[in-house]
Structure formats: structure tokens, C-alpha cells
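>>> let me see the structure of the following:
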Amino acid sequence: MTATLYLIRHATPDWHRKDIRYDIPPGPPLVEQGEAEARQLGEFLKTTGITHLYASPLERASRTAQIAAEALGLEVETMLDIAEWVQGEPEASVLARCRPCLDAALDESETRGPIALVSHGGPIRLLLADLGVDHAELEHYRGIFDNLNPVPPAGVWRVERYADGRMGVPELVFTPQPYTRYVPTTVNV
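The predicted structure follows:
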């Protein structure tokens, strides 16, 4: 059976809040636009067969997950290790805490069906690179989405692991706003 995981970035928060650090709980809350994006995300997730949602403990991620889960009639479970990249935290440490969560969710998906993780742009970027997403593709998306993230607010990447253990190529499958899809360049030999 193919295990399917959806890596989701939180919806748009209030980045203007300077009295709340973005990287430690609670972090900034969603703005009205973010609430609307989370509702769009919920509508998209209805088409995926999601059976369970996990979310970072930061308010913007947990609220995004709660709004989306309402559309699905599901509960949200907090997963501490998919939290935001903390200031000064080495890249290797972020990946070391996030990758086991991704692998555990894929294992769970084998018996439960598709799973979703609602996290943050930095950890998602590291996971995608670790999963083998082409550097040029990541840079393409980082160039068109906010804050150099490879996924916009409330955007979704699908990750699949086949029954034989091989990983599929992750694919950006949803954004609340239209975007320019990555098209690899070919070299004529």
C-alpha cells in the first residue's frame, strides 16, 4: 500500500506583531486572510481522504489545522517536533527532529490512510530537500512565495512512499492562490 503524507505550511499570520516572537509558542495568530486560506485548505483536503492531522504547537499552525479539520470532521493532534525553526537552531537539528515525524506519519499512513502535518516553511524546505526535491525546483518556488519559502501560506506538498519502501518525488499539489508551476529545463545533447 502506498503511504501518503501532506506537508502543509500554516496560513498567513500577523507578521506585523513585533511583541510576539515568531519561533516560540504561541507565535503570531492568523489574520483574516489566513483564516480564509485555512478554509480553502480544508476544502482541498476533503478531496484527499485525510484521516488524521498533526500540527505544530505554534498558534498559526494549530489554528490552520483546526479550521481545516472542521471541514473534515477530524480532530487535530499537536506534534511538538514539527514546530518552527528556532532562532540559532542548526539546520541539522531541525531536520533531526522533523524527519522522524515525517517517517512516523508515513508509517501510520500505511494503516490509517493519508496523514497531514501542518508545520512551517523552514522545516518543510529542509524536509523536501532531504526527500530529494530538485534544488532548482525548490529555488523556483522559493523565488515566487513569501519569505523564501518553497510553499505559500496554507500550501501543500504531497509525499508518497510505495509498498517497496521507495519514495516518490514530492509534489506541490495545492496553494490558495494561483502560482507558476515548476517546469524542469531540458538539455539537448
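>>> can you tell me how far the residue lying closest to Gly121 once chain neighbours are set aside sits from Trp85?
Counting by Cβ to Cβ, 6 or more residues apart in numbering, Gly121 lies nearest to Asn149, which is 3.2 Å off, once chain neighbours are set aside. The way it works is simple: take the backbone N, C-alpha and C, and place the C-beta from them, glycine included. In this view, Asn149 and Trp85 are 11 Å apart by Cβ to Cβ, to the nearest Å.
>>> do Gly49 as well
Distance, Gly49 to Trp85, using Cβ to Cβ: 30 Å.
>>> before we move on, the earlier item: give me the common contacts of Asn149 and Trp85.
Here Asn149 and Trp85 have Gly122 as joint contacts, going by Cβ atoms under 8 Å, 6 or more residues apart in numbering.
>>> quick one, strands of the chain?
Counting by DSSP state E, the chain has strands at residues 3-9, 52-55, 76-78, 115-119, 156-161, 171-174.
>>> what's the fifth one in contact with?
Right, the one you point to is strand 156-161. Residues contacting strand 156-161 (Cβ under 8 Å, 6+ apart): 2-8, 41, 44-45, 102, 106, 109, 124, 128, 131, 150-151, 167-168, 170-175.
>>> which other helices and strands does the longest helix anywhere in the chain contact?
For the chain, the helix with the greatest residue count under DSSP state H is helix 91-112. With contacts defined as 3 or more Cβ pairs under 8 Å, 6 or more residues apart in numbering; DSSP states H and E, helix 91-112 has these neighbours: strand 3-9, strand 52-55, strand 115-119, helix 121-130, strand 156-161.
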